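Chemist: Predicted model and sequence follow; I will ask about them next.
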Amino acid sequence: MLKLRRAASSLGAALVAAALTLPACADPLAAFVTLGGADGGEPFALARVIVPGAGAHCPALAPIGGGAEQPMTSRRNPDPTHFDVTVCEAVYPTDGTRLKVSGLKVGGADLQLPGVQAEVSRMVIFGDTGCHPKYQDRCRAGKHWPFGELARAAAESGPQLVVHVGDYNYRGTPGKIDIRHPDGALHRGRVYDAGDNAPGVTCTLSGPYTGQNSAGSTSPDAWKPWQEDFFEPARSLLHAAPWVFARGNHELCSRAGPGYFYLLDPGSDLVPASGGQLACTSAAAAEPLVFREPFRLDLGNLSLVVLDSANACDQGDLHQAHFDAQFRKIRRLMQDAPATGPAWLLTHRPIWGLTEPDDGAPGQTRDATGHYEVIDRTLQTAYARAPWPKPIELVLSGHVHRFQSVASEPPGALPLQLIIGNSGTELSRSYDGATFLVPLGETTAVCFGLSEFGYMDIAFQGGAWTGRLFERAGKVSVRCATEAPAKTAVCAFAE
């Protein structure tokens, strides 16, 4: 009997030891669902969970009511030294089913992921959410950087979809960097940004560029700025609804591109139709730029077309041939779009955005009055060269750090352009007056702008939509409305 007890005791100790050696998944740093679309517009969804430690064990997904678990797999880490995290992912259902992350809890409750609705009637739109420490009170949450506050308010409102039009990471993407040469000397240079971030017009790229991820860079892309600028303040909103992510110019491969393709981009090797997981190439390569192909996402009565405009030049024609091809791809996507509902375009850089003229801006980028610079010239040219078989009625963008609407007169001559670039980063000055007119090619643009932090809430039904610009404390400062798909919406101050 004593021998049996000793054997049982030894067996129990061995089982405990074995259990202790099983890989355990640490508490997640972030968990969310991202949406993409195949060439036919069929939506796909991916659950992503970010856990500490490069090469860490991935958790599994499980039905909330119990059932078989679905393992998650790790994405390819572009730089384990600077991204000491593991991004785990799994294909997620698109029929409204919600899953939980097995064994992980938040505040004592199971970590549940949001369901993907077949048809969306309400969404919230954010853009340019990151923070400049130098200009925004060192990125303390508050009046100078309210992204976290706005994200929590949007989460509590119960959206069905979250759209982000790009520029997530500012504190980790300086405009100038130091490159350490083999002899130890430091050289300070400007980061390539497709013509931005430079005095005058420099929309040129002759071969390799200087970027944060160049050899010898003292400030490469890394996880910590991503965590502080986006994932921590957006935590509640990431849990509230699925997301559609657009790539901004702060996510160029010369800046935070490695993190964007690792963390947010919908491309995945689990979904071949997505184009697979992309990764930034070397800044010294002969072809150093990476472009995500446009895709269409059909959500019942609405189609969203997502364009990677990160490398489009605001003032010049850098990469014009590439964007001509991108817009031809959009034309093909639109040929197969459902006829029953409208289509909207998501692009970080606006097709038509108004800014104050740069001192070096050429005359052809200014409007007829000379008071405004109309950007983005590259996208405007591509749009003119590739007429779409079905009109895109609304263009949602960021890039300009204010809220702005640009509507054509007569209505329908051009898509309505809405710019929501006011969700976190320091604001640009707005224009005086509620509305103003600007000549725009052969049409006249009816323009409206506001420089206040906020996000856009859009309710969509039967082809018509209404939008509200929410500021802090739930204040609605702007209302936009359209009565029918063929009419252009008008934005005005809320009463």
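Modeler: Ah, there it is.

Chemist: Tell me which helix or strand Leu150 sits in.
Modeler: For Leu150, the host element (DSSP states H and E) is helix 147-156.

Chemist: by contact count, what packs against that helix?
Modeler: strand 122-126, helix 235-240, strand 455-461, strand 464-470 (3 or more C-beta pairs under 8 Å, 6 or more residues apart in numbering; DSSP states H and E). In this view, the C-beta of every residue, glycine as well, is placed from N, C-alpha and C.

Chemist: mind running it again at 10 Å?
Modeler: strand 122-126, strand 161-164, helix 235-240, strand 455-461, strand 464-470 (3 or more C-beta pairs under 10 Å, 6 or more residues apart in numbering; DSSP states H and E).

Chemist: closest one to Ala45 among these?
Modeler: strand 161-164 (11.3 Å; C-beta to C-beta).

Chemist: quick one: the closest one to chain centroid distance?
Modeler: The chain centre lies 8 Å from the centre of strand 161-164; the measure is C-alpha atoms, centre = their mean, to the nearest Å.

Chemist: Kindly report the same for stretch 37-44.
Modeler: Using C-alpha atoms, centre = their mean, the offset of stretch 37-44 from its chain centre is 18 Å.

Chemist: cool, and stretch 385-399?
Modeler: When distances are taken as C-alpha atoms, centre = their mean, stretch 385-399 is centred 18 Å away from the chain's centroid.

Chemist: try stretch 73-88
Modeler: The answer for stretch 73-88 is 19 Å, by C-alpha atoms, centre = their mean.

Chemist: Run through the stretch 101-250 of the chain and note the low-pLDDT ranges.
Modeler: Regions of the stretch 101-250 of the chain meeting the criterion pLDDT under 70 cover residues 195, 197-207.

Chemist: all strands for it, in order.
Modeler: Per DSSP state E, counting those that start in this stretch, the stretch 101-250 of the chain carries strands over the ranges 109-112, 122-126, 161-164, 176-180, 186-190, 243-245.

Chemist: mind putting these in JSON lines, distance to Asn422 and mean neighbour count included?
Modeler: As requested, the strands of the stretch 101-250 of the chain are exported to JSON lines (distance: least, C-beta to C-beta, whole Å; neighbours: other C-beta atoms under 10 Å):
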{"stretch": "strand 109-112", "distance to Asn422": "31", "mean neighbour count": "14"}
{"stretch": "strand 122-126", "distance to Asn422": "9", "mean neighbour count": "25"}
{"stretch": "strand 161-164", "distance to Asn422": "13", "mean neighbour count": "26"}
{"stretch": "strand 176-180", "distance to Asn422": "25", "mean neighbour count": "16"}
{"stretch": "strand 186-190", "distance to Asn422": "26", "mean neighbour count": "13"}
{"stretch": "strand 243-245", "distance to Asn422": "18", "mean neighbour count": "23"}
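
Chemist: still on that earlier bit, the helices and strands packed on helix 147-156: which one's closest to Phe44?
Modeler: Taking C-beta to C-beta, strand 161-164 is the member of those nearest to Phe44, at 14.6 Å.

Chemist: Sheet partners, orientation included, of that closest one?
Modeler: strand 122-126 (parallel), strand 243-245 (parallel) (DSSP bridges).

Chemist: Now find how far off-centre the shortest one is within its chain.
Modeler: Using C-alpha atoms, centre = their mean, we find the averaged C-alpha position of strand 243-245 to lie 6 Å away from the chain's own average C-alpha position.

Chemist: any idea how far Glu373 is from Pro258?
Modeler: To Pro258, Glu373 is 31 Å away according to C-beta to C-beta, to the nearest Å.

Chemist: So between these two, which is more surrounded?
Modeler: Set Glu373 next to Pro258 and count neighbours by other C-beta atoms under 10 Å: Pro258 wins out with 23 against 19.

Chemist: dump the residue contacts of Thr34.
Modeler: 44-48, 89, 92, 162, 238, 242-245, 263-266, 268 (C-beta atoms under 10 Å, 6 or more residues apart in numbering).

Chemist: Bridged to it, which residues?
Modeler: In beta-bridge terms (that is, DSSP bridges), Thr34 pairs with Leu46, Trp243.

Chemist: Would you mind measuring from it to Pro242?
Modeler: For Thr34, the distance to Pro242 - C-beta to C-beta - is 7 Å.

Chemist: overlap in contacts of the two?
Modeler: What both Thr34 and Pro242 touch, as defined by C-beta under 10 Å, 6+ apart, is the set 45-47, 92, 162.

Chemist: Give me the neighbour count for Arg429.
Modeler: As a burial measure, Arg429 scores 10 neighbours (other C-beta under 10 Å).

Chemist: ok, now which ones touch Pro80?
Modeler: 53-55, 86.

Chemist: For my notes, confirm it occurs in a helix.
Modeler: No: the assignment for Pro80, made by DSSP: H, G, I helix; E, B strand; the rest coil, is coil rather than a helix.

Chemist: neighbours around Val106, how many?
Modeler: For Val106, the count of nearby residues is 15 (other C-beta under 10 Å).

Chemist: Find the residue closest to it in space, skipping its chain neighbours.
Modeler: His239 (7.7 Å; C-beta to C-beta, 6 or more residues apart in numbering).

Chemist: Thr443 reaches Val374, doesn't it?
Modeler: No: with contacts counted by C-beta atoms under 10 Å, Thr443 stays clear of Val374, the gap being 11.9 Å.

Chemist: who has more neighbours, these two?
Modeler: More crowded of Thr443 and Val374, by other C-beta under 10 Å: Val374, with 27 against 16.

Chemist: so what does the host helix or strand of the more buried one touch, helix or strand wise?
Modeler: Here Val374, judged by DSSP H and E, is contained in strand 373-375. Strand 373-375 sits against strand 353-355, strand 436-440, with contacts defined as 3+ C-beta pairs under 10 Å, 6+ apart.

Chemist: gap between the longest one and the chain center?
Modeler: Looking back up the chat, that one is strand 436-440. 29 Å.

Chemist: Reformat the helices and strands packed on helix 147-156 as a markdown table; add distance to Ser428.
Modeler: Formatted as a markdown table, those follow (distance: least, C-beta to C-beta, whole Å):
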| stretch | distance to Ser428 |
| --- | --- |
| strand 122-126 | 17 |
| strand 161-164 | 19 |
| helix 235-240 | 24 |
| strand 455-461 | 17 |
| strand 464-470 | 16 |
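
Chemist: Asn301: which of these is closest?
Modeler: strand 455-461 (7.5 Å).

Chemist: Please identify the buried residues of the closest one?
Modeler: 455-458, 460 (16 or more other C-beta atoms under 10 Å).

Chemist: Ok, stretch 83-95 next?
Modeler: Burial within stretch 83-95, assessed by neighbour count using 16+ other C-beta under 10 Å, is assigned to 83-90, 92-94.

Chemist: Just flag the most distant two among these.
Modeler: So, the buried residues of stretch 83-95 by C-beta to C-beta: farthest apart are Asp84 and Thr94, at 32.1 Å.

Chemist: Please name the residues that touch Phe467.
Modeler: Just to correct that, residue 467 is Gly rather than Phe. 123, 125, 394, 405, 418, 420, 456-460, 478-482, 489, 491.

Chemist: Show me the beta-bridge partners of it.
Modeler: With DSSP bridges as the rule, Gly467 is bridged to Ile458, Cys480.

Chemist: Let me know the pLDDT of it.
Modeler: We have a pLDDT of 94 for Gly467.
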